[in-house]
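> generate a structure from the sequence data that follows.
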Amino acid sequence: MQIHQGLSQFSRLSQAIVTSGTFDGVHIGHQKIFRRLLELKQAQPKAETVVITFWPHPRLVVGHASGETLQLLSTIEEKAQGLEALGLDHLVIIPFTPEFSQLSPEEYVQKVYVDGIGTSHIVIGYDHRFGQKRAGDIHFLQQNAQRFGFEVEEIPRQDIDHIGVSSTKIRQALQAGDVRTAAEYLGAPYTLQGTIVHGDKIGRTIGFPTANIQPQAAYKIVPQTGIYAVYVAIEGQLHQAMLYIGKRPTVDGTATKIEAHLFDFEQDVYGKSARIWFIEKIREDKKFDGLEAMQTALAQDQIDTQRILKHTQPPI
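Alright, predicted model coming up:
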């Protein structure tokens, strides 16, 4: 898959089968749209598939009504990796700026679909909106398709809704610690990328040394506090691990930490990149009556984690 940073890096095609959207998480609902692009390409051998997305996420630029901090399921790099795995031809990443957000639906279609991409066929989800104040929709495209010179196809609401998945539902599952449901919706375990940083080394004193992980992107959602069975990749090497997310109430911690105890691994990994795959939540975070009680609980957590991972297909 070719990745293009903006329309200026893209050479207009004679036949482009196109979809566009934010596609946060590239979940199984999104994948239905992408599969349709690939089906259409089989019937049109000279056509190429194009996915248009936007970065920064539009709501990071124009805000949203609730005033809540936006949390995303994927970075732009993770999104690109997910799309490439599907076998699509092109990903065009359009910089989303305040000026771009002011394009009318007419201007948006002309600038992006017609002049920029060379669209012959558009496939969109039933709730797709575009242009200033999200005024453009499927009706606008259908009414003007002939004038613009492309065909329009909408994935019907019933085809998407029967899957029962949305980026919002996945965020809610992660916020509840339900990483198994999130994985079902995503089609793969949820991942978090970060850098291994120095901690206070309390884990070493009780036989459970940990790698403290600082998330790469502050806007990416971190699952609910608790203990998780995970896989962790460090410099391409995959390790089984149990992961703690929380404020460490037993030692009167105040800041939320992400700490991974990698099984049978004691190398110096400070400053290295780590990628976490969340497999299953083991238990809730809790305050213990001292380090000895916490040590006993962690020993059981390790047994539970190893049992789960023994029957789990490694992600890579």
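> tell me which residue is most central in the protein.
Ser74 (2.6 Å; Cα atoms, centre = their mean).
> apart from its chain neighbours, what residue comes closest to that one?
Using Cβ to Cβ, 6 or more residues apart in numbering and skipping residues adjacent in sequence, the residue nearest Ser74 is Gly25, 5.3 Å away. To be clear about C-beta, it is placed using only N, CA and C from the backbone, and glycine gets the same treatment.
> what's around Ser101, how many residues?
By the measure other Cβ atoms under 10 Å, the count of residues near Ser101 is 16.
> from now on call the first residue 400
Yep, numbering from 400; the last one is Ser500 now.
> and it, how far from Lys671?
Distance, Ser500 to Lys671, by Cβ to Cβ, to the nearest Å: 38 Å.
> please enumerate the helices of the stretch 600-715 of the chain.
Along the stretch 600-715 of the chain, counting by DSSP state H, counting those that start in this stretch, helices occupy 601-604, 690-709.
> so which of those helices comes closest to Thr624?
Nearest to Thr624, of all the helices of the stretch 600-715 of the chain, is helix 690-709, at 13.9 Å by Cβ to Cβ.
> output the contacting helices and strands for that closest one.
Under the contact criterion of 3 or more Cβ pairs under 8 Å, 6 or more residues apart in numbering; DSSP states H and E, helix 690-709 touches strand 625-633, strand 636-645, strand 672-682.
> of all the ones you listed, which lies closest to Phe529?
Nearest of the helices and strands packed on helix 690-709 (Cβ to Cβ): strand 672-682, 32.6 Å.
> mind listing what's buried along the closest one?
Across strand 672-682, burial judged by 16 or more other Cβ atoms under 10 Å covers 673-681.
> how far away is Ala572 from Gly593?
21 Å.
> quick one: distance of the one helix or strand Leu490 maps to to the chain centre.
Element membership for Leu490 (DSSP states H and E) is strand 489-494. Distance of strand 489-494 from the chain centroid (Cα atoms, centre = their mean, to the nearest Å) equals 16 Å.
> mind pulling up the phi and psi values for the closest residue to Phe422 other than its chain neighbours?
Using Cβ to Cβ, 6+ apart and skipping residues adjacent in sequence, the residue nearest Phe422 is His429, 5.0 Å away. Dihedral pair for His429: phi -60, psi -40, per degrees, to the nearest 10.
> burial count for His429?
With other Cβ under 10 Å as criterion, His429 counts 28.
> so who does it touch?
Residues counted as contacts of His429 (Cβ atoms under 8 Å, 6 or more residues apart in numbering) are 420, 422, 524.
> OK, contacts around Gly424?
For Gly424, the contacting residues are 472-473, 566, 569, 584-585, by Cβ under 8 Å, 6+ apart.
> I meant to write Leu406 there.
The contact partners of Leu406, taken as Cβ under 8 Å, 6+ apart, are 491, 493, 510-511, 515-516.
> who wins for neighbours among the residues you listed?
Ranked by neighbour count (other Cβ under 10 Å), these have Ile516 at the top, with 25 neighbours.
> for it, give its distance to Asp651.
As judged by Cβ to Cβ, Ile516 and Asp651 stand 56 Å apart.
> what do you get for His520?
As judged by Cβ to Cβ, His520 and Asp651 stand 60 Å apart.
> the residue nearest to Phe422 and Asp663, how far apart?
Noted for His429: a distance of 37 Å to Asp663, by Cβ to Cβ.
> mind listing what Pro504 touches?
Contact analysis of Pro504 by Cβ under 8 Å, 6+ apart lists 529-531, 534-535, 539.
> ignore what I typed, I meant Gly652.
With Cβ under 8 Å, 6+ apart, Gly652 has these contacts: 645-646.
> and what of Leu540?
If you count contacts by Cβ under 8 Å, 6+ apart, Leu540 has them with 508, 521, 523, 551.
> need the max-distance pair from the residues you listed.
Longest span within the contacts of Leu540, Cβ to Cβ: Val508 and Ile523, 11.9 Å.
> these two: which has the busier surroundings?
Of the pair Val508 and Ile523, Val508 is the one with more neighbours under other Cβ under 10 Å, namely 24 against 20.
> part of a strand, is the more buried one?
No: the assignment for Val508, made by DSSP: H, G, I helix; E, B strand; the rest coil, is helix rather than a strand.
> hang on, it packs against Phe547?
Yes: when contacts are counted by Cβ atoms under 8 Å, Val508 is listed as touching Phe547 (6.0 Å).
> between the contacts of Pro504, which is nearest Lys656?
Set against Lys656, the nearest of these by Cβ to Cβ is Phe529 (40.4 Å).
> residues near Leu502, how many?
Neighbour tally, Leu502, other Cβ under 10 Å: 17.
> please apply the same query to Glu583.
Counted by other Cβ under 10 Å, the residues lying close to Glu583 total 16.
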